[in-house]
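K.L.:
Provide a 3D model corresponding to the input given below.
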Amino acid sequence: MLKPEKTPENYEELIRLIHERHDQMSKTYQRISVYLTQNPNEVAVNAVNTIAARCGIHASSFVRFAQSLGYNGFKELQGLFQKRLATAAPGFDARRRALDSEMLHREDRSEYSFLRDLVVRDIASLQDMLERISPNDIATAADLIDGAQTIYIIGQLRSAPVADLLRYVLTMLGKRCVLLDPGGGLATHMARAMRPNDVLIAISFRFYATEVVNIVEAAKEAEIPIVAISDSTLSPLAKSARVLFEVPEHDYTFSRSLAAPMCLAQALTIAVAARVQNDSTAPRIPTVTAL
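P.N.:
Numbers count the residues shown, from 1 in each chain. Purely as a prediction, here's the structure:
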């Protein structure tokens, strides 16, 4: 991979260059790119050996990756992440160190500790999501969903519960919803009924369901607006989405938590409810028993 004509001088320029080159990178460099974009604060505060161990890639690959982008070494590239952290999230490092210390020194090893660990880490993930999500993106997504003639929703594998929640709540709000269910192998065929005045909500995380990616790409070609919830700006959903909500996942247990994407889905439905009910102060989601 040829070095760029101009080496990025700030974090935003670096991320833009990574996005431009991602599809042409080797598999190893793509994994590094995803880790850097998903964990900018971790990259800023950890040594390259620690970052490499968490990514499962040798530290020398991180050095070569930085050099391929025009830097002398990884330390120089890391400096851009450190500058961003100093201005964008000054409280993150303290939270991260406190969390790591608490988890390292905990004495309770009972079954209850599994619950406690999940709760503590989910709280950290939710706080991180607050720093990543743009208010404008939530407003834009809510407008697209509220204004759509039909809302198509797709989420498979671990993303399925998020899709089910969105379908349930939006249906209770009186919205016409179609869940692109993989059952019977009809999701792709059902998706062909989408029109430009509809909207597609797509949820997918690593490892991305092939059918979801294919439906999203086809929707993009058909000029159907897409609201995507995924784990990275380098996700295969990102380039097709009108609005992308990046909700990074962290490998801290046998299964990745859905707390953050579920919370985001609820926030989107509440924003839509506020528009449907013309009530921005106390929108309510109807329930089956209330009907």
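
K.L.:
and Arg121, how far is that from Val247?
P.N.:
According to Cβ to Cβ, to the nearest Å, Arg121 and Val247 sit 14 Å apart. Glycine gets a C-beta too; all of them are placed from N, C-alpha and C.

K.L.:
err, Ile229, not the other one
P.N.:
6 Å.

K.L.:
for Glu12, helix, strand, or coil?
P.N.:
helix (DSSP: H, G, I helix; E, B strand; the rest coil).

K.L.:
check contacts around Met262.
P.N.:
161-162, 165 (Cβ atoms under 8 Å, 6 or more residues apart in numbering).

K.L.:
Quick check: helices, which of those are part of them?
P.N.:
Among the contacts of Met262, the ones falling in helices (DSSP state H) are 161-162, 165.

K.L.:
Buried ones among the contacts of Met262?
P.N.:
The neighbour count (16 or more other Cβ atoms under 10 Å) marks 162, 165 as buried among these.

K.L.:
surely His22 meets Leu234?
P.N.:
Yes: using Cβ atoms under 8 Å, His22 makes contact with Leu234 at a distance of 5.4 Å.

K.L.:
Could you tell me which residues touch both of the two?
P.N.:
Taking Cβ under 8 Å, 6+ apart as the contact rule, His22 and Leu234 both touch 30, 33.

K.L.:
Ile229 looks like it's in a helix, true?
P.N.:
No: under three-state DSSP, Ile229 sits outside any helix and is assigned strand.

K.L.:
going forward, begin numbering at 706 instead of 1
P.N.:
Sure thing, new numbering starts at 706, so read that last one as Ile934.

K.L.:
beta partners for it?
P.N.:
Each beta-bridge partner of Ile934 is listed here: Ile908, Phe950, as defined by DSSP bridges.

K.L.:
Would you agree it is in contact with Phe950?
P.N.:
Yes: using Cβ under 8 Å, Ile934 is in contact with Phe950, at 4.8 Å.

K.L.:
Neighbour count for these two, which is higher?
P.N.:
Neighbour totals were compared for Ile934 and Phe950, and Ile934 leads with 28 against 23 (other Cβ atoms under 10 Å).

K.L.:
Any figure for the gap between the more buried one and His724?
P.N.:
On the measure of Cβ to Cβ, Ile934 and His724 end up 18 Å apart.

K.L.:
next one: Arg947
P.N.:
17 Å.

K.L.:
which residues of the stretch 706-855 of the chain fall in helices?
P.N.:
716-726, 732-743, 745-750, 753-760, 764-773, 779-793, 797-809, 816-837, 840-852 (DSSP state H, counting those that start in this stretch).

K.L.:
residue ranges with poor pLDDT in the stretch 806-955 of the chain?
P.N.:
Low-confidence segments of the stretch 806-955 of the chain (pLDDT under 70): 806-814, 955.

K.L.:
ok, back up a step: now the helices of the stretch 706-855 of the chain in a markdown table, with distance to Cys968 and mean neighbour count?
P.N.:
Output for the helices of the stretch 706-855 of the chain, formatted as a markdown table (distance: least, Cβ to Cβ, whole Å; neighbours: other Cβ atoms under 10 Å):
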| stretch | distance to Cys968 | mean neighbour count |
| --- | --- | --- |
| helix 716-726 | 25 | 16 |
| helix 732-743 | 18 | 19 |
| helix 745-750 | 20 | 20 |
| helix 753-760 | 25 | 16 |
| helix 764-773 | 32 | 18 |
| helix 779-793 | 21 | 16 |
| helix 797-809 | 18 | 13 |
| helix 816-837 | 6 | 14 |
| helix 840-852 | 12 | 17 |
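
K.L.:
I'd like the ones you listed written out as JSON lines, with distance to Ala943 added.
P.N.:
Listed next are these as JSON lines, based on distance: least, Cβ to Cβ, whole Å:
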{"stretch": "helix 716-726", "distance to Ala943": "8"}
{"stretch": "helix 732-743", "distance to Ala943": "10"}
{"stretch": "helix 745-750", "distance to Ala943": "16"}
{"stretch": "helix 753-760", "distance to Ala943": "20"}
{"stretch": "helix 764-773", "distance to Ala943": "20"}
{"stretch": "helix 779-793", "distance to Ala943": "20"}
{"stretch": "helix 797-809", "distance to Ala943": "23"}
{"stretch": "helix 816-837", "distance to Ala943": "14"}
{"stretch": "helix 840-852", "distance to Ala943": "13"}
